[in-house]
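Chemist: quick one: sequence plus predicted model below, questions after.
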Amino acid sequence: MELRSSIEFYDNRFLMFVLDQMAYEFEKNGSKEVIRMTLGKSELPLHEDIIQSMKDALDTFEKSSLVFPPGLPELKEALAEEYKKTYDLDINPNNILINVGTSALFRNLFYLLAKEGDEVLLPRPYYSLYHFCAQLVGANVRYYDINLETLALDLDSFKENFTDKTRIVVINSPGNPLGNILTKDELYAIDEIINGQAVVINDEIYANVCFDERSTSVLELKDTKSAFITTNAFSKGYRMYSRRVGYCIVPDELVTPLTVIQHHTLLTADPVVQFGALEALAHPEEIEQLVSLYKARRDYTVERFNEVPLVRAIPAQGSFYFTLDCEKYMDEHGIETSLELAEQIMRAKQVATVPGSDFGLPKMLRLSYSTTRYNEGIDRLVDFFTNSLVGQSAVSAAIPVRE
């Protein structure tokens, strides 16, 4: 069978899932249980009221059989009320579209807003979805940088890489993997540079997971020159990762095109889980519990890695993740790729991490806070990095992975 796509799919594997599969194979082959710091999937169970609301919807045919391609009207109305309460914004529910998470929304938005030969401008580091969506539509990718020392936007790199061919600019605040937060001044500076010549997609899926101060939504900006789209979901703060409820807030011009795409390619997101999302909005205390827990884990990571001379811990301001700069360690130990480093750690310490190459960070690792054994995992990593003999003895064949 001949694929008509020019994408090198093997090279575009999401290594987060590759490492998670490695952990599965490692345990299946009789080794010790692996501490997984891979997926951004919270270890905390759903609130019992959310579970009950989904059970009730499943048991009620009138609810479980509802079909609304752009999403349940009551959920869209509740989301509009949530943005009014949180940001004092008046959002028309018709401008909110529901899908199964945000990944499909990004794919659809890229299809509508870019074509082959256009340019998209992505943050570096980036979430790999953005890069893959650009490949799907044949767009060329350029990058602007987030300063790895200060976590501030590198405005010079933004100016240098925004061109008259740029059709989409992606921002992600709080960011994945760094956990950086764009300031209001930085957001206005971005709008000033774009000057209405491209559409901005703001991925704010971690907006309710901020550790020190809340992030600014682009929807709060006044008198902007550019068109802004916001994407968000219930998979992070509300912990509905596997239930897949995401949404976007779009300008009027995109409502019909996105709705028609969903007419034909989605038909409807599961109403049962949408009722769960509706109930989730009534439980902000669930987010507060998660943020408090993950902030403590961030602080523990910073404290422990102060003892590690060859690895720099980058303190996240939000999100589900922590980033380790391992460049000095890798150079000293002759480790060429972050995948090789992650494999060594898996074998030596039974801790699964995510190679930074997933995000354009070839000498880094990403850690997810979402494991009950997180602090134990950090202790194991500190031991790995402070005992060079462990790292050297770990060099061996890659862990078998079922493709």
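Modeler: Perfect, I can see it now.

Chemist: CA only for contacts and neighbour counts going forward, please
Modeler: Noted.

Chemist: quick one: the strands in the stretch 101-250 of the chain, in order.
Modeler: Along the stretch 101-250 of the chain, counting by DSSP state E, counting those that start in this stretch, strands occupy 119-124, 140-145, 166-172, 199-203, 227-233, 246-249.

Chemist: residue ranges in the stretch 151-300 of the chain under the pLDDT threshold?
Modeler: The model of the stretch 151-300 of the chain has no residue with pLDDT under 70.

Chemist: list the contacts of the residue nearest to the spatial centre of the chain.
Modeler: The residue lying closest to the centre of the chain (C-alpha atoms, centre = their mean) is residue 176, at 5.0 Å. Contact partners of residue 176, counting by C-alpha atoms under 8 Å, 6 or more residues apart in numbering, are 125-127, 319-321.

Chemist: next one: it from residue 228, what distance?
Modeler: To residue 228, residue 176 is 19 Å away according to C-alpha to C-alpha, to the nearest Å.

Chemist: can I get the contacts of residue 176 in a markdown table with neighbour count, distance to residue 283 and pLDDT?
Modeler: Shown next, in a markdown table, are the contacts of residue 176 (neighbours: other C-alpha atoms under 10 Å; distance: C-alpha to C-alpha, whole Å; pLDDT from 0 to 100):
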| residue | neighbour count | distance to residue 283 | pLDDT |
| --- | --- | --- | --- |
| 125 | 23 | 32 | 97 |
| 126 | 25 | 30 | 95 |
| 127 | 18 | 28 | 94 |
| 319 | 31 | 19 | 96 |
| 320 | 31 | 19 | 96 |
| 321 | 25 | 23 | 97 |
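
Chemist: dump those to CSV, plus distance to residue 291.
Modeler: Below are the contacts of residue 176 laid out as CSV (distance: C-alpha to C-alpha, whole Å):
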residue, distance to residue 291
125, 23
126, 22
127, 21
319, 9
320, 9
321, 12
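
Chemist: out of those, who's nearest residue 335?
Modeler: Nearest to residue 335 among these: residue 125, at 20.8 Å, using C-alpha to C-alpha.

Chemist: right, and that closest one touches residue 363 too?
Modeler: No: applying C-alpha atoms under 8 Å as the test, residue 125 and residue 363 come out as separate, 11.8 Å apart.

Chemist: select the longest helix from this protein.
Modeler: Of all segments of type helix in the chain, defined using DSSP state H, the longest is helix 284-305.

Chemist: which other helices and strands contact that helix?
Modeler: Helix 284-305 is packed against strand 312-314, helix 374-386, with contacts defined by 3 or more C-alpha pairs under 8 Å, 6 or more residues apart in numbering; DSSP states H and E.

Chemist: just checking, what packs against the first one?
Modeler: Where contact means 3+ C-alpha pairs under 8 Å, 6+ apart, strand 312-314 is packed against helix 284-305, strand 321-325.

Chemist: and the longest one, how far from the chain's centre?
Modeler: Between the centre of helix 284-305 and the centre of its host chain there is 17 Å, according to C-alpha atoms, centre = their mean, to the nearest Å.

Chemist: done for today, thanks.
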